[in-house]
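>>> The following block contains a protein sequence and its predicted model.
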Amino acid sequence: MNFFTPVKGHLEEEHVDEEKTVKQKVALVTGAGRGLGAATVDAFSRAGYTVAALDVGWGAEDQPADETCVLRLRCDVSDASAVMSTTSEALDRLGRIDVAVNCAGIDHTYWIEELTIEQFDQIIGVNLRGPFLIAKAVWPIMKQQGSGHIINVASTAAIRAWSGASAYHASKFGLLGLGRGLGVEGRRDGIQVTTVIPGGMRTGFFERFVEQGIPLPDPAGLQDPATVAATIVHITTLPPGSIIQEIVITPPDEPSWP
């Protein structure tokens, strides 16, 4: 079920005025229903973008308020046909896609003896296959436009390792490699690729620890996802000639940092 609240004139022909041009732009965000994804949707909306907000859990009660300009689409990012059809619908409804942010992520924190094959496949499917599918879906659009920016949200799990997260590490290390490879490929088509590597955030990501008997991190030592979201928007504002290829953003006392 899809929901869209339009803003009058939002998708009209671009004008010379820079502020109006910014408001023509479209950002597609996955994992948009909660945590960093929701904060990123809000940040791009505040920046004047129309946002295609993708999440596997959207329902009828999630229809946005009238004052917003958000197209909410239910999508499982690990499903190739769902990603292709949802991206196509976003393009049909909004006219273009300037930025694609891969925020969707999942983890099952178990040591290898307890981690099931199905859990491993799900982690890789959402965290690594998902960003690949989104990139493959938006690439022809951005190539035709002559510009575009793909932003993959990794984790400090892409550069360090700890117990019980082998599948998660595999997905995030892989995402780092995917971003580097796509960044090189994108040069010929005017497509930029950035990998954001955030440390711990105050999101629902750690809620699963409770049922698994893992101590919860102190919220005081975690960062506000709105700050990371603001960083993601900032990445897209660099003048031509420069690109942030990778950026690490952590709370000052990040426990997984050297």
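Great, that's in hand.

>>> Show me the helices in the stretch 101-250 of the chain, by range?
In the stretch 101-250 of the chain, the helices defined using DSSP state H, counting those that start in this stretch lie at 117-124, 130-145, 166-186, 208-212, 225-235.

>>> For E89, find the nearest of the ones you listed.
helix 130-145 (10.9 Å; CB to CB). From N, CA and C alone the C-beta is placed, and that goes for glycine too.

>>> how about low-confidence regions in the chain?
Residue ranges of the chain with pLDDT under 70: 1-23, 59-68, 201-202, 204-221, 255-258.

>>> What ranges does it have for its strands?
3-4, 26-29, 50-55, 70-74, 99-102, 148-153, 191-198, 246-249 (DSSP state E).

>>> So which of these is nearest I235?
strand 191-198 (5.2 Å).

>>> Run through who's touching the closest one.
36, 135, 139, 142-143, 147-156, 158-159, 175-176, 179-180, 182-183, 185-186, 223, 228, 231-232, 235, 243-250 (CB atoms under 8 Å, 6 or more residues apart in numbering).

>>> returning to that earlier point: can you lay out the strands of the chain as a markdown table showing mean neighbour count?
Formatted as a markdown table, these follow (neighbours: other CB atoms under 10 Å):
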| stretch | mean neighbour count |
| --- | --- |
| strand 3-4 | 17 |
| strand 26-29 | 28 |
| strand 50-55 | 29 |
| strand 70-74 | 22 |
| strand 99-102 | 30 |
| strand 148-153 | 26 |
| strand 191-198 | 24 |
| strand 246-249 | 16 |
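
>>> Same list, those strands, but as a markdown table with distance to T109 please.
Shown next, in a markdown table, are those (distance: least, CB to CB, whole Å):
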| stretch | distance to T109 |
| --- | --- |
| strand 3-4 | 33 |
| strand 26-29 | 25 |
| strand 50-55 | 22 |
| strand 70-74 | 27 |
| strand 99-102 | 21 |
| strand 148-153 | 18 |
| strand 191-198 | 18 |
| strand 246-249 | 22 |
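
>>> so which of those strands gets nearest S166?
Of those, nearest to S166 by CB to CB is strand 191-198, at 18.5 Å.

>>> and that closest one, how far from the chain's centre?
Distance, stretch centre to chain centre, for strand 191-198: 10 Å (CA atoms, centre = their mean, to the nearest Å).
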